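**Q** Quick check, what structure comes out for this input:
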Amino acid sequence: QVQLIESGGGLVQAGGSLRLSCAASGRTSGTYAMGWFRQAPGKEREFVAAVNWNGGRTGYAESVKGRFSISKDNALTEDLLMNNLKPEDTAVYYCAAEPALSHNYYTRVYEYTYWGQGTQVTVSS
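**A** This next block holds a predicted model:
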């Protein structure tokens, strides 16, 4: 089993920045694709950013392109740097990991097996 723990959430003013981190414990051997998702109150969980197993390929939701940057430090550690935050970015952010079967990253909730508990990001206007 793999346990994922997010950190770095908090309250920030619009236009500010935050860095989220995700670290793993448990059976961390192997190669994993990783991603970030978010869920606002009353809404479904949505894709934010993803990275493939070696960090060579990344993908972003249109709403965060040019503002967010995902990076992967090792097999099961990733960061999400969020710049120019907007009130609509307010949500609980979740880290996800999936054993890599290809060089691709994954953008759908059902494609991930392991999830963190989430960290709250609140952007005030």
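
**Q** Spatially nearest residue to Val64 (excluding sequence neighbours)?
**A** Val48 (5.9 Å; CB to CB, 6 or more residues apart in numbering). From N, CA and C alone the C-beta is placed, and that goes for glycine too.

**Q** Nearest residue to the most centrally placed residue in the chain in space, ignoring adjacent ones along the chain?
**A** Centre of the chain computed as the mean C-alpha position; nearest residue by CA atoms, centre = their mean is Trp36, 1.9 Å away. Residue nearest to Trp36 in three dimensions, not counting chain neighbours: Val48, with 4.4 Å by CB to CB, 6+ apart.

**Q** residue contacts, Ala23?
**A** 4-5, 7, 76-77 (CB atoms under 8 Å, 6 or more residues apart in numbering).

**Q** Distance of it relative to Leu11?
**A** Note on Ala23: its distance to Leu11, by CB to CB, to the nearest Å, is 22 Å.

**Q** picking that back up, specify the local secondary structure of the residue nearest to Trp36.
**A** Three-state call for Val48 (DSSP: H, G, I helix; E, B strand; the rest coil): strand.

**Q** wait, doesn't it sit right on Phe37?
**A** Yes. Val48 is within contact range of Phe37, at 5.7 Å (criterion: CB atoms under 8 Å).
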